[in-house]
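Engineer: when you get a sec, could you give me coordinates for this:
(one chain, ligands or ions: 1)
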Amino acid sequence: MRCARCGAILNGLPTTDHLRRNLPKTSKRPERMFGGFLCSRCLREVLKNVVRGSVLK
Ligand SMILES: [Zn+2]
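Structural biologist: Sure thing, here's the model as predicted:
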């Protein structure tokens, strides 16, 4: 799983199907907005832009 914005590999997600199968659904991705889509750095940037009124440009 990679960041949709910068392509960095995301932390906090199981990288293999083998690991993913052993986890309950709720543990698959971080419980936050854009969790599993953006890295923490891009997430912070995007949320900052959302607050300013320009979304994902
Ligand atoms: Zn990123």
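Engineer: residue numbers of the chain in contact with the ion?
Structural biologist: Residues of the chain lying close to the ion by C-beta under 5 Å from the ion are 3, 5-6, 8, 39, 42. (Each C-beta comes from the backbone N, C-alpha and C, glycine too.)
Engineer: mark which of those residues are part of helices, please.
Structural biologist: In helices, defined here by DSSP state H, the members of those are Cys42.
Engineer: can you redo the residues of the chain next to the ion as CSV with neighbour count?
Structural biologist: Below are the residues of the chain next to the ion laid out as CSV (neighbours: other C-beta atoms under 10 Å):
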residue, neighbour count
Cys3, 18
Arg5, 16
Cys6, 11
Ala8, 13
Cys39, 21
Cys42, 18
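Engineer: and the residues of the chain next to the ion as a markdown table, adding pLDDT and distance to Val50?
Structural biologist: Output for the residues of the chain next to the ion, formatted as a markdown table (pLDDT from 0 to 100; distance: C-beta to C-beta, whole Å):
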| residue | pLDDT | distance to Val50 |
| --- | --- | --- |
| Cys3 | 89 | 17 |
| Arg5 | 90 | 13 |
| Cys6 | 92 | 17 |
| Ala8 | 89 | 20 |
| Cys39 | 87 | 16 |
| Cys42 | 89 | 12 |
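Engineer: would you reformat the residues of the chain next to the ion as CSV and include distance to Val51?
Structural biologist: Formatted as CSV, these follow (distance: C-beta to C-beta, whole Å):
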residue, distance to Val51
Cys3, 20
Arg5, 17
Cys6, 20
Ala8, 22
Cys39, 19
Cys42, 15
